[in-house]
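1. no FASTA, just this:
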């Protein structure tokens, strides 16, 4: 069993919607990068996640939404657009917060679970995780997952600890 088959099995995937969204972005020449937990997996030991967080170049979001409207259920929120499918439990979230736009130009192609994806740089993935952890409006369980992802990165790349805000370092130290 390959990694794609494994992930699609975990997500009750009747279709490979991760590959579908990657193919749609590539076919439409849409600049993007993957962030979030799946992006963390590009740099450290992988942990399974059913969330695919993507930053799309702001000028192409409408184009992407238009090209996905027949395949995905679309829900719009203040800082994201979520794409869902009855054919998979994978949740695709398009991040619309402008802070993430610069991540795209520093991204590179990485293999994650058998998928070739444009992934934010390690430093940008860490920054995004710090932003997510800092967001007090996020559910506590999501923030704890963000902190765990930050810890996974810092354990593998201790030189990046100096990039963390003091409150994040304090949270890490409390959890050790």
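-> Perfect, thanks for sending it. If you're wondering where the values come from, they're calculated on a predicted model, not measured in any experiment. Numbering: from 1, shown residues only.
2. against which helices or strands is the biggest helix by length in the chain packed?
-> Assignment by DSSP state H gives helix 140-156 as the longest helix of the chain. Secondary structure elements in contact with helix 140-156, counted by 3 or more Cβ pairs under 8 Å, 6 or more residues apart in numbering; DSSP states H and E, are helix 36-40, helix 122-134, helix 166-174. For glycine as for every other residue, the C-beta is placed from the backbone atoms N, C-alpha and C.
3. buried set for that helix?
-> Of the residues in helix 140-156, those buried under the neighbour-count criterion (16 or more other Cβ atoms under 10 Å) are 143, 145, 146, 147, 148, 149, 150, 151, 152, 153, 154.
4. chain center to it, what's the gap?
-> Between the mean C-alpha location of helix 140-156 and the chain-wide mean there is a distance of 13 Å, by Cα atoms, centre = their mean, to the nearest Å.
5. sorry, back to before: dump the buried residues of helix 140-156 to JSON lines, plus distance to residue 23.
-> As requested, the buried residues of helix 140-156 are arranged in JSON lines below (distance: Cβ to Cβ, whole Å):
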{"residue": "143", "distance to residue 23": "33"}
{"residue": "145", "distance to residue 23": "28"}
{"residue": "146", "distance to residue 23": "29"}
{"residue": "147", "distance to residue 23": "33"}
{"residue": "148", "distance to residue 23": "31"}
{"residue": "149", "distance to residue 23": "27"}
{"residue": "150", "distance to residue 23": "31"}
{"residue": "151", "distance to residue 23": "33"}
{"residue": "152", "distance to residue 23": "29"}
{"residue": "153", "distance to residue 23": "29"}
{"residue": "154", "distance to residue 23": "34"}
